[in-house]
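[1] Give me a 3D structure for the following:
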Amino acid sequence: MPSLAQQVHHAAHLTGTFLLRSGATSSEYFDKYRFEADPILLRKIAEQLSTRIMGKYDALAGLEMGGIPIATMLSQITRWPTLFIRKTAKEYGTCRYAEGGEVKGKRLLIVEDVVTSGGAILDAVRALREDGAIINDVLCVIDRQSGGRENLEKENLTLTSLFTMEELKQA
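    Below is the predicted model of the structure:
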């Protein structure tokens, strides 16, 4: 039976020319939606991620869009509630960027799928901290090893990944 890294690589690895959120161009891409859309693979990923959690949290904070299915599945395993973090507040209804509960005074674990530069995480963390959330840790499936870990460390955030890009390439 293939390892989890092999399963993720097989499901999500694409080659071609891809523009990344960071603005960089890559000849390979991990299409996270391919492993997030597979309920069996997503469950295996969440089970393994749960073993990497080293603290206690009031809630998981899944970032739009790829972090949300991971955080949701992870909440089924950890029994912690999930917050859904939008990139921008919606302009109708509650007009909130953090859905599912309050953030003030809550210790949150940020959940993301793939980390490249960490830009989306930093944007979300700044907004959440401004609203009183306590955030020190980030959990992701794939660390592309493209400066994200270092950028997060500058903001006193510790990144824990299930896989690095190098580990997936070796799989």
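[2] got a list of contacts for stretch 149-160?
    With C-beta atoms under 8 Å, 6 or more residues apart in numbering as the test, stretch 149-160 has contacts from 52-54, 110, 115, 117-119, 121-122, 125, 135-140, 143, 148. Where C-beta positions appear, they are placed from N, C-alpha and C, glycine not excepted.
[3] residues in contact with Lys169?
    For Lys169, the contact set (C-beta under 8 Å, 6+ apart) comprises His9.
[4] pLDDT at the residue nearest the centre of the chain, what is it?
    The residue lying closest to the centre of the chain (C-alpha atoms, centre = their mean) is Glu112, at 0.6 Å. With respect to pLDDT, Glu112 has a value of 98.
[5] picking up where we left off before, just the buried ones from the contacts of stretch 149-160, in ChimeraX syntax?
    The buried subset of the contacts of stretch 149-160, as determined by 16 or more other C-beta atoms under 10 Å, is captured in ChimeraX by this line:
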select :53,110,115,117,118,121,122,125,135,137,138,139,140,143,148
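[6] out of the contacts of stretch 149-160, which are inside helices?
    Gly119, Ile121, Leu122, Val125, Gly148 (DSSP state H).
[7] how about those, which pair is most distant?
    Largest separation among the ones in helices among the contacts of stretch 149-160 by C-beta to C-beta: Val125 and Gly148, giving 12.5 Å.
[8] Show me what the lowest-mean-pLDDT helix or strand in the chain is packed up against.
    Lowest by mean pLDDT, DSSP states H and E among the helices and strands of the chain is strand 25-30, with a mean of 86. On a contact count with 3 or more C-beta pairs under 8 Å, 6 or more residues apart in numbering; DSSP states H and E, strand 25-30 meets strand 13-19.
[9] Show me how far the strand it packs on is from its chain's centre.
    Remark: strand 13-19 is offset 20 Å from the chain centroid, using C-alpha atoms, centre = their mean, to the nearest Å.
[10] other SSEs contacting it?
    Under the contact rule (3+ C-beta pairs under 8 Å, 6+ apart), strand 13-19 is packed against strand 25-30.
[11] what stretches of the chain score poorly on pLDDT?
    For the chain, the stretches flagged by pLDDT under 70 are 21.
[12] about what we covered before: could you tell me the angle between the least confident helix or strand of the chain and strand 13-19?
    Orientation check (axes from the mean of the first three to the mean of the last three C-alpha atoms, to 10 degrees): strand 25-30 against strand 13-19 gives 150 degrees.
[13] buried set for strand 25-30?
    Residues of strand 25-30 classed as buried by neighbour count (16+ other C-beta under 10 Å): Ser26, Tyr29, Phe30.
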